[in-house]
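Asks: no sequence for this one, just the structure:
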């Protein structure tokens, strides 16, 4: 069984930064691609960023390219999302997900709220 726990959300002004963390408990962390998704009020959940388990290649949604950086620490079973130059449109609940590939969630965390004020 896999469990994921996110942390690091909060309230920040536009232009500010936040760093989200996700801790992975359970089966082999190194077997999964790790992803961040987000869901804003009234909208569908969308892919934000992902990192491959073996190559550590990264993929980003166009809306966050150049502002967000995903990384993983396989020694600590953790994945991070550094978010810079935040915009009000980034306001959402952010979910960490482990999947067999990038942009896929087979296991999900409960989410952490990110609110960006104008």
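Replies: Here it is on my side, so go on. Fair warning: this is a prediction, and the values are worked out from it, not measured in the lab.
Asks: where does residue 30 land on pLDDT?
Replies: Note on residue 30: pLDDT of 75.
Asks: Same question for the one 4 residues further on.
Replies: The model reports residue 34 with a pLDDT of 95.
Asks: next helix or strand past the host helix or strand of it?
Replies: Here residue 34, judged by DSSP states H and E, is contained in strand 33-39. Sequence-wise, the next helix or strand downstream of strand 33-39 (DSSP H and E) is strand 46-51.
Asks: Can you pull out the residues in contact with that following strand?
Replies: Contact with strand 46-51 is made by 33-39, 57-61, 64, 68-72, 79, 81, 94, 99, 102-103, as judged by Cβ atoms under 8 Å, 6 or more residues apart in numbering. (C-beta placed from N, C-alpha, C; glycine too.)
Asks: Name only those of those residues that count as buried.
Replies: 33-38, 59-61, 64, 68-70, 72, 79, 81, 94, 99, 102-103 (16 or more other Cβ atoms under 10 Å).
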